[in-house]
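>>> Can you look at this prediction? I've put the sequence above it.
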Amino acid sequence: QLHVVESGGGLVQSGGSLRLSCSASGFTLDYYGIGWFRQAPGKEREGIACISDSGDSTNYADSVKGRFTISRDSAKNTVWLQMNSLKPEDTGVYYCGKVPRSYYDGSLSARVYDGWGQGTQVTVSS
């Protein structure tokens with residue numbers, strides 16, 4: 001199983017920004033759609049953004065639309081999640097997962113993705 005690695009989390013005040021990265025070691029992300037998810041304590045993993053292998057297609061959950069931007073850089077083998085105007089309710093562990101490009105359809109369901117990393121903690125204080 002090929003796994004991705006998430007990084008970039010931290011503690012930030014409400015209204016602040018963070019940029020998360022999803023990278024891979026030993027394989028290229030070019031053949032995969034990538035999804036970002038988050039999980040708050042006691043809650044299910046929630047899909048928040050995804051991007052196609054080419055980067056031409058993206059999808060966002062309503063809760064983050066207009067505040068978060070997903071993008072990818074093939075040369076760096078990395079997918080980014082730029083998070084602006086952060087709110088306390090954005091707090092959680094953030095994960096990224098992959099889906100083979102032929103199966104990518106913009107879904108934000110965690111069941112579609114695999115290769116999860118260890119996650120990165122994002123805490124937004126009020």
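Arrived safely, thanks for sending.

>>> in this protein, which ranges drop under the pLDDT threshold?
By pLDDT under 70, the chain contains no weakly predicted segment.

>>> what about the residue nearest the centre of the chain, distance to residue 126?
Residue closest to the average C-alpha location in the chain (C-alpha atoms, centre = their mean): residue 36, at 2.2 Å. When distance is defined by C-beta to C-beta, to the nearest Å, residue 36 is 23 Å away from residue 126. From N, CA and C alone the C-beta is placed, and that goes for glycine too.

>>> give me the beta-bridge partners of the residue lying closest to residue 104 once chain neighbours are set aside?
Using C-beta to C-beta, 6 or more residues apart in numbering and skipping residues adjacent in sequence, the residue nearest residue 104 is residue 33, 3.1 Å away. For residue 33, the beta-bridge partners are residue 99 (DSSP bridges).

>>> One more: the one 4 residues further on?
Counting by DSSP bridges, residue 37 forms beta bridges with residue 47, residue 95.

>>> Surely it and residue 50 touch.
No. Checked against C-beta atoms under 8 Å, the pair residue 37 and residue 50 is beyond contact range at 9.1 Å.

>>> how about the helix or strand harbouring residue 19: buried residues?
Taking DSSP states H and E as the criterion, residue 19 maps to strand 18-24. Across strand 18-24, burial judged by 16 or more other C-beta atoms under 10 Å covers 18, 20-24.

>>> separation between residue 82 and residue 117?
For residue 82, the distance to residue 117 - C-beta to C-beta - is 18 Å.

>>> now do residue 101
Separation of residue 101 from residue 117 (C-beta to C-beta): 19 Å.

>>> For the two, work out which one has more neighbours and name it.
residue 117 (17 against 14; other C-beta atoms under 10 Å).

>>> Am I right that the more buried one falls within a strand?
No. Per DSSP: H, G, I helix; E, B strand; the rest coil, residue 117 lies outside any strand segment and is coil.
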